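>>> what follows is a protein structure lacking sequence information:
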């Protein structure tokens, strides 16, 4: 899954997920990336631990921002098939 957005130019963007909107601020760390010089970023994550996403942005001059407003990603659960290997006794 790719998460895209805008932040301050060249800022470190950290993405978090939450089980519901009550947490509002990052319960589960999902990863980080750096925004380009125009502020655009893309972060690829292998799984989301909660449907509500929020982020922070950090630059060397201003420090770390507050958490962003939570965004409902629409992904509530992702089920993958179990892969089992047969072992002979």
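On my side now, so go ahead. Keep in mind it's a predicted model, so treat the numbers as computed, not measured. Numbers count the residues shown, from 1 in each chain.
>>> so, low pLDDT: which residues of the chain?
22-24, 75-89 (pLDDT under 70).
>>> one more pass at 90, please.
Residues of the chain that meet the criterion pLDDT under 90 lie in 1-4, 18-27, 45-52, 60-62, 67-89.
>>> now residue 39, what are its backbone angles?
When read as degrees, to the nearest 10, the backbone of residue 39 gives phi 100, psi 0.
>>> how about the contacts made by it?
6-9, 11 (CB atoms under 8 Å, 6 or more residues apart in numbering). C-beta: built from backbone N, CA, C; applies to glycine.
>>> show me the residues you listed that map onto strands.
residue 6 (DSSP state E).
>>> buried among the contacts of residue 39? Need that as a selection in ChimeraX.
Typed into ChimeraX, the line below selects the buried ones among the contacts of residue 39, using 16 or more other CB atoms under 10 Å:
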select :7,11
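>>> how about TSV for the contacts of residue 39, with distance to residue 25 added?
Formatted as TSV, those follow (distance: CB to CB, whole Å):
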residue	distance to residue 25
6	20
7	17
8	19
9	24
11	18
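>>> what's the helix or strand for residue 41?
According to DSSP states H and E, residue 41 maps onto strand 40-44.
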